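J.: I need the structure of the sequence given here:
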Amino acid sequence: MGAQPVSPISRFGPSALLTPANLVTALRFALTIPLLQVIATDGVSWRATVGWIILASTDGLDGWLARRDGTTRSGAFLDPLADKFLAIGGLASLAAEGVFPWVAVILITVREVGVSLYRTVAGRRGISMPARNLGKMKTVFQLVAVGWALCPSTADYYGLGLSILWMAVALTVVSGLDIVVAAQRTGAPKKPVHEM
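T.: The predicted structure follows:
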């Protein structure tokens, strides 16, 4: 018989708070506000673009750390919240500068807040609402839309940037409906499976 694969040992239990992944998430929260100030001050600039790319990329880092060390309930809550804070903050900053239409930003914000509240209520009823591929895709499109508008090399291609934004809006709305439908199909409450 061949050797059985060994499952990685979790360094932290589900209730842990001070984990490497959560520290990265906290750093993302802390750096988002000064980055938004840079965006408001500089607009299209390499400084804003590099800062945006670094912060957007750290989402993958804290996800990797969580998978390595063990997922936690606090991480399942804070990680997607940090994504929303960064994405909506960047979109709103650009809308305030007249780069993006407010209607697109409002649609995204309403969906994000609505799904977060729905997840909270469903979680208390024991209904599992894990991350889905559409949700991951919409986050990528939101972040790319902002990065495209900030980068001096791409900002002049406004029509393409706007197309990316509206694709993000479409994915955001559809993924929200997908989450609700999936939760309704789940039916009976069960032990929650938290997302990272």
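J.: C-alpha from now on. contacts and neighbour counts both.
T.: Will do.
J.: can I get the one helix or strand residue 113 maps to in CSV, CA atoms only?
T.: Using DSSP states H and E, residue 113 sits in helix 102-124. Coordinates of each C-alpha in helix 102-124 appear next as CSV, following Å, rounded to 0.1, in the frame of the first residue of the first chain:
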residue,chain,number,x,y,z
TRP,A,102,-21.6,57.1,-8.8
VAL,A,103,-24.4,54.8,-9.9
ALA,A,104,-21.9,52.0,-10.4
VAL,A,105,-20.3,52.5,-7.1
ILE,A,106,-23.7,52.7,-5.3
LEU,A,107,-24.8,49.4,-6.9
ILE,A,108,-21.7,47.7,-5.8
THR,A,109,-21.9,49.1,-2.3
VAL,A,110,-25.6,48.2,-1.8
ARG,A,111,-24.8,44.6,-2.9
GLU,A,112,-21.8,44.3,-0.6
VAL,A,113,-23.6,45.6,2.5
GLY,A,114,-26.7,43.6,1.7
VAL,A,115,-24.9,40.3,1.3
SER,A,116,-22.8,40.9,4.4
LEU,A,117,-26.0,41.5,6.4
TYR,A,118,-27.6,38.5,4.8
ARG,A,119,-24.6,36.3,5.7
THR,A,120,-24.7,37.5,9.3
VAL,A,121,-28.4,36.6,9.6
ALA,A,122,-28.0,33.2,7.8
GLY,A,123,-24.9,32.3,9.9
ARG,A,124,-26.9,32.8,13.1
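J.: angle of the helix or strand just after it against helix 102-124?
T.: Using DSSP H and E, the next helix or strand after helix 102-124 towards the C-terminus is helix 133-150. Helix 133-150 and helix 102-124 meet at an angle of 150 degrees, taking axes from the mean of the first three to the mean of the last three CA atoms, to 10 degrees as the criterion.
J.: which positions within the following helix or strand past helix 133-150 qualify as buried?
T.: Counting by DSSP H and E, the next helix or strand C-terminal to helix 133-150 is helix 158-186. Going by neighbour count (16 or more other CA atoms under 10 Å), the buried part of helix 158-186 is 161-162, 164-173, 175-176, 179-180, 183.
J.: do stretch 141-151 as well
T.: Quick answer for stretch 141-151 (16+ other CA under 10 Å): 141-151.
J.: which one of those residues is nearest to residue 69?
T.: In terms of CA to CA, no member of the buried residues of stretch 141-151 lies closer to residue 69 than residue 143, at 26.3 Å.
J.: need the contact list for the residue lying closest to that closest one once chain neighbours are set aside.
T.: Distances taken as CA to CA, 6 or more residues apart in numbering place residue 87 nearest to residue 143, at 5.9 Å, with adjacent residues excluded. Contacts for residue 87 were tallied using CA atoms under 8 Å, 6 or more residues apart in numbering; they are 139, 142-143, 146.
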